[in-house]
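Enquirer: the sequence and its predicted three-dimensional model are supplied below.
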Amino acid sequence: MNYTKKLIVAPGSRVRLRDFDPAFHGKGAAEQNADEELAAAKTRLGELQRKMYGDNQHSLLIVLQGLDAAGKDGVCWHVIGGMDPQGCKVQGFKAPTAAEAAHDFLWRIHPHAPAKGEVAVFNRSHYEDVLVTRVHQLVPRKVWERRYDLINEWERLLQVENGTTILKFCLVVSKEEQLKRFAERLDDPHRQWKISDGDYKEREFFADYLDAFDEALERTSTAQAPWFTIPCDHKWFRNLAVANIVAETLEAMDLQYPKPTVDLEQIRREYHSAVGEEKGGGKRKKD
């Protein structure tokens, strides 16, 4: 399956997540092969990311947004975990602090944009300011409406000024599967820490969030920063889809390791000389 072509939100297209199938897993994908395929995709990702780190000409920003329990943390564990932490960082954005709220909404975001050679992952992002703020009416409509254009301009700035490629993933889970995952958290001591006081309160706004995502995707999926709608009822498919889209994007960059900045022949001579000295020294010690 061509995950990129299948799941991309084409710029200018109409989005209706109410009609989207969160349980989609494609005709060619099979759960029994998912572990092996994901392992291969993660190996591929790791190799490409290390090459980008060495190339130091490109950067990649991965945005993870989604409904509660869709699997933002899961993607970080099972997909992003295949990358070398030396060149990859994950940043989450929760409710702004008083100091952050006293600035423009992008003020707290920009310092976490990736430098050349880096991958940055936003686990929740600047899109909270056209999603949560809209659904809960935290700011007037005229405020959050103008933010779509500001977001597009900021993402274009990253692309033009720093060669940043941006991939945005909208993780979509059904209301039924979401409730099932909430139950799993209650029964699993290793997941109980993820339970929030707002989990069930937010479910009351499930349809409102879908509407908010619709407009955000329609107005901010651009050629330089496209959105992808990821079906998340099947975790294995979610992980495979994201991993393959990221890998395909990195491969399209035509990444190259930089050429050595030293005289390799001279270094080889020094190496062989050092080896000879070690061997000679070893014989003297033995004698």
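Expert: Yes, it's here.
Enquirer: so for the helix or strand hosting Ala212, mean pLDDT?
Expert: Per DSSP states H and E, Ala212 falls inside helix 206-220. Helix 206-220 carries an average pLDDT of 98.
Enquirer: and the very next helix or strand once past that helix, how far out from the chain middle?
Expert: As assigned by DSSP H and E, the chain's next helix or strand after helix 206-220 is strand 227-231. Distance, stretch centre to chain centre, for strand 227-231: 12 Å (CA atoms, centre = their mean, to the nearest Å).
Enquirer: what angle separates the helix holding Ala212 from strand 227-231?
Expert: 150 degrees (axes from the mean of the first three to the mean of the last three CA atoms, to 10 degrees).
Enquirer: may I have the secondary structure class of the residue positioned nearest the centre of the chain?
Expert: Centrality entry for the chain: nearest residue to the mean C-alpha point is Ile62, 3.2 Å, by CA atoms, centre = their mean. The three-state label for Ile62, taken from DSSP: H, G, I helix; E, B strand; the rest coil, comes out as strand.
Enquirer: ramachandran angles for the nearest residue to it once chain neighbours are set aside?
Expert: Spatial nearest neighbour of Ile62, excluding adjacent residues (CB to CB, 6 or more residues apart in numbering): Val121 at 4.6 Å. Where you see a C-beta, it was placed from the backbone N, CA and C, and this is true even at glycine. Backbone torsions of Val121, given as degrees, to the nearest 10, read phi -120, psi 120.
Enquirer: what sits against Val121?
Expert: By CB atoms under 8 Å, 6 or more residues apart in numbering, Val121 lies in contact with 61-62, 64, 76, 80, 88-91.
Enquirer: show me where the stretch 101-250 of the chain has strands.
Expert: Here the stretch 101-250 of the chain has its strands, by DSSP state E, counting those that start in this stretch, at 119-123, 164-172, 227-231.
Enquirer: mind checking pLDDT for the residue nearest to the centre of the chain?
Expert: Ile62 is given a pLDDT of 98.
Enquirer: tell me which residues in stretch 177-189 are buried?
Expert: Neighbour counts over stretch 177-189 (16 or more other CB atoms under 10 Å) mark 177-178, 181-182, 185 as buried.
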